[in-house]
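S.K.: What follows is a protein structure lacking sequence information:
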């Protein structure tokens, strides 16, 4: 005969296990159903973004291209596209797949959320620039359009993301990127970077590594089929034409060309003083706020006081306090030497 206590314990364990699995909203089964819905939503939204991207570039969308983008088989893709057609999001005929107006509106909502997240990650966090796109790819599926509007309002309703891409409005309006590829500029031409394509990652990371960002002014030194040489923020840069194609620029009329150049704070020798002219737009988020809190604003006089043993960081006197700054940060602070400013004023 079974021990009543053992029976009670086994019964309790079974009920606890069943509750753990089937508890409404919080059980394992509920989580599994949510994950399936989430996975389905991710596939739909990624497919619609892919279609919108290809259509905007006048590239034909096929089952093969969708399968490759979503990393699923062609048979699965065929069933998936049929489901999208049932939902009224795409049309498929003569081997070509196109967005419907509803599908295009949905795609723009996802793109809006993605670019808002990139703006947020750039301005409000210390996440590395090369990771913004990857992080935003994850986050774009996690909030509703209403939550996206709240996020946009918190940031002052930005119009462009940190790569220079226009952010669609809540009503689905999207401005076009104006400009030409960097690789198309002739020698001696001045231009301003308007947009940097963040895919593929390998090319984008190389562009980031040389310090390019939207808003930067450049001047072409030498443009050939093998390489593009140009000056950006006083530094000479080199890109292969393939990489330069991912940088969109707008030419600057001759009468508006900026010929004045500023030095960076890192160029000061120990004992020298400089007047802050500005901070590079490449310096964003927490680091930018940190510099502003230190008093690194236009007009502030900064003196290079002392180098560390390794030479980096360097201690600077800023508004009566000695503050150690790394070279990667002082390279983004533009100055004029104090004696140059005083001579110009006298």
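M.R.: Ah, there it is. Because the structure is a prediction, the values reported are computed rather than measured.
S.K.: now for the helix or strand encompassing residue 150, which elements pack on it?
M.R.: Element membership for residue 150, per DSSP states H and E: helix 145-154. Judged by 3 or more CB pairs under 8 Å, 6 or more residues apart in numbering; DSSP states H and E, the packing partners of helix 145-154 are helix 101-124. The C-beta positions use only the backbone N, C-alpha and C, and glycine is treated the same way.
S.K.: tell me which residues in whatever helix or strand comes next after the helix it packs on are buried?
M.R.: Using DSSP H and E, the helix or strand that follows helix 101-124 towards the C-terminus is helix 132-139. By 16 or more other CB atoms under 10 Å, the buried positions in helix 132-139 come out as 132, 133, 135, 136, 139.
S.K.: Make sure the second one is actually in contact with residue 196.
M.R.: Put plainly, it is residue 133. No: using CB atoms under 8 Å, residue 133 is not in contact with residue 196, being 10.9 Å away.
S.K.: Please enumerate the shared neighbours of these two.
M.R.: Common neighbours of residue 133 and residue 196 are listed as residue 204 (criterion: CB atoms under 8 Å, 6 or more residues apart in numbering).
S.K.: all strands of the stretch 201-346 of the chain, in order?
M.R.: 217-223, 228-232, 235-239, 247-251, 263-264, 273-279, 301-307, 314-318, 321-325, 333-337 (DSSP state E, counting those that start in this stretch).
S.K.: Just the buried residues of the helix holding residue 150, please?
M.R.: In helix 145-154, counting by 16+ other CB under 10 Å, buried: 148, 149, 151, 152.
S.K.: give me every residue that touches the third one.
M.R.: Applying CB under 8 Å, 6+ apart to residue 151 gives the contacts 116, 117, 120, 143.
S.K.: same check, this time on residue 245
M.R.: So residue 245 contacts 181, 182, 183 (CB under 8 Å, 6+ apart).
S.K.: Buried ones among these?
M.R.: 182, 183.
S.K.: can you redo the contacts of residue 245 as JSON lines with pLDDT and distance to residue 247?
M.R.: Converted to JSON lines, the contacts of residue 245 look like this (pLDDT from 0 to 100; distance: CB to CB, whole Å):
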{"residue": "181", "pLDDT": "94", "distance to residue 247": "7"}
{"residue": "182", "pLDDT": "94", "distance to residue 247": "4"}
{"residue": "183", "pLDDT": "93", "distance to residue 247": "8"}
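S.K.: Among the contacts of residue 245, name the ones in strands.
M.R.: Counted as lying in strands by DSSP state E, out of the contacts of residue 245, are residue 181.
S.K.: Using JSON lines, lay out the contacts of residue 245 together with distance to residue 63.
M.R.: Formatted as JSON lines, the contacts of residue 245 follow (distance: CB to CB, whole Å):
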{"residue": "181", "distance to residue 63": "30"}
{"residue": "182", "distance to residue 63": "34"}
{"residue": "183", "distance to residue 63": "33"}
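S.K.: quick check, nearest of the contacts of residue 245 to residue 125?
M.R.: Lowest distance from residue 125 to the contacts of residue 245 (CB to CB) belongs to residue 182, with 28.3 Å.
S.K.: I'd say the closest one and residue 242 touch.
M.R.: No: using CB under 8 Å, residue 182 is not in contact with residue 242, being 11.2 Å away.
S.K.: export the buried residues of helix 132-139 to a markdown table and tack on pLDDT and distance to residue 157?
M.R.: What follows is the buried residues of helix 132-139, written out as a markdown table (pLDDT from 0 to 100; distance: CB to CB, whole Å):
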| residue | pLDDT | distance to residue 157 |
| --- | --- | --- |
| 132 | 90 | 19 |
| 133 | 90 | 21 |
| 135 | 90 | 21 |
| 136 | 91 | 18 |
| 139 | 89 | 18 |
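S.K.: which one of the residues you listed is nearest residue 312?
M.R.: Nearest to residue 312, judged by CB to CB, of these is residue 132 at 25.8 Å.
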